[in-house]
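>>> Generate a structure from the sequence data that follows.
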Amino acid sequence: MACDSTQLYRGFDIGTAKPATQERRAVAHHMLDVLESGQESSAGGYRELALAALNDLRARQKLPVLTVGTGLYLRALLEGLAELPRRSEELRERLRDEAAEHGRGYLHGMLQNLDPAAAKRIAAGDEQKLIRAIEVCLLASKPLTELHQSGKIPLEGWNVLKIGLEPARKKLYERIEARTEAMLAAGWLEEVRDLLERSQSAQAKPFDFLGYAELRRVCTGQMTMQEAREAIQQATRRYAKRQITWFRSESQVHWLDGFGDESSVQSAALDWLRKQGLEASRDAGPTGVY
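Purely as a prediction, here's the structure:
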């Protein structure tokens, strides 16, 4: 079961590293291809769909295994979400205009004044998250962090076992470069061209995803292929660093050094799960593993 904000979108396959068709036939996958490019995704929307999938798996006595790429969505699923104000397109448009007028760093500085804790979590260049955080602070007249800490309903009825992978940084960066090349060789640029032709709006949210934004600029003649390749690799390295920082703050994670396709890591993970299973078997609830 995917826990990834990018894999929700139908047609955005190569750059989001969705499982291959053969893999999906061998093992049932959930939470993939549930949105069209023009639809909005959110942590709350993900939680609603994921809870329905988990209830279905429980009814069929299946063990869910979550593969997590988006830490916020995982936290929403496990810890619940507070009630937040509805979106205000008028306010959002005003914030976008102010950001364009004042330049990079303006929105982050505004959030720093409204909610310093949230400003520490959100990158200065992530305009979408900055706008939503500021929007909530202004509409609720409270910091987003304060709202997140109240009124949550956590996931119930599941024993959650967490495994994290942390390979050596140098090897991780080598994998990132190799994976970018493999995705491009697999037709990533052609996928983007086809999506742009079929989409009603080239400004739809998925076209801002890592890699898709750069390749869209290639398609419109704003960037060369080599510039895009280098930009994608650099942005992916930065994203990987943010992911490590985020998941390092996650509680009760059993960390393994290496990649998931290494036999030694697989053996270590299975050994640990078997040990946890001895304890989990004493509980009445199912066990979720990611």
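
>>> which stretches of the stretch 151-290 of the chain have low pLDDT?
151, 200, 278-290 (pLDDT under 70).

>>> again, 80 this time
Counting by pLDDT under 80, the stretch 151-290 of the chain shows low-confidence ranges at 151-152, 200-203, 277-290.

>>> how about stretch 80-91: buried residues?
80-82, 84 (16 or more other CB atoms under 10 Å). The C-beta positions use only the backbone N, C-alpha and C, and glycine is treated the same way.

>>> what about dumping the CA coordinates of stretch 33-43 to CSV?
Provided in CSV are the C-alpha atoms of stretch 33-43 (Å, rounded to 0.1, in the frame of the first residue of the first chain):
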residue,chain,number,x,y,z
ASP,A,33,-3.7,5.9,-9.6
VAL,A,34,-6.6,7.2,-7.6
LEU,A,35,-6.5,10.8,-8.8
GLU,A,36,-6.6,12.6,-12.1
SER,A,37,-4.0,15.4,-12.7
GLY,A,38,-6.6,18.2,-12.1
GLN,A,39,-7.6,16.9,-8.7
GLU,A,40,-6.1,18.2,-5.5
SER,A,41,-4.3,15.8,-3.1
SER,A,42,-4.0,16.4,0.6
ALA,A,43,-3.0,14.6,3.8
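
>>> got a list of contacts for that stretch?
5, 7-12, 49, 72-73, 75-76, 81, 195, 199-201, 204-207 (CB atoms under 8 Å, 6 or more residues apart in numbering).

>>> Just the mean pLDDT for it, thanks.
Mean per-residue pLDDT for stretch 33-43: 91.

>>> chain center to it, what's the gap?
13 Å (CA atoms, centre = their mean, to the nearest Å).

>>> Check the offset of the lengthiest helix in the chain from the chain's centre.
Longest helix in the chain, counting residues (DSSP state H): helix 225-248. Distance of helix 225-248 from its chain centroid, counting by CA atoms, centre = their mean, is 13 Å.

>>> Can you tell me what sits against it?
Against helix 225-248 from outside (CB under 8 Å, 6+ apart): 68-69, 71, 123, 164, 166, 172-173, 176-177, 179-181, 184, 189, 210-211, 214-215, 217-218, 223, 253.

>>> Selecting buried members of those residues in ChimeraX, what would you type?
In ChimeraX, this line selects whichever of the contacts of helix 225-248 come out buried by 16+ other CB under 10 Å:
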select :68,69,71,172,173,176,180,184,189,211,214,215,217,218,223,253
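
>>> Of the contacts of helix 225-248, which belong to strands?
Using DSSP state E, the members of the contacts of helix 225-248 that fall in strands are 68, 164, 253.

>>> ok, which pair from the buried residues of stretch 80-91 is furthest apart?
Farthest pair in those (CB to CB) is 80 and 84. Separation: 12.1 Å.

>>> Which residue is the nearest non-sequential neighbour of the residue most central in space within the chain?
Geometric centre of the chain, nearest residue: residue 70, 2.5 Å, by CA atoms, centre = their mean. In space, and not counting its chain neighbours, residue 70 is closest to residue 5: 4.4 Å by CB to CB, 6 or more residues apart in numbering.
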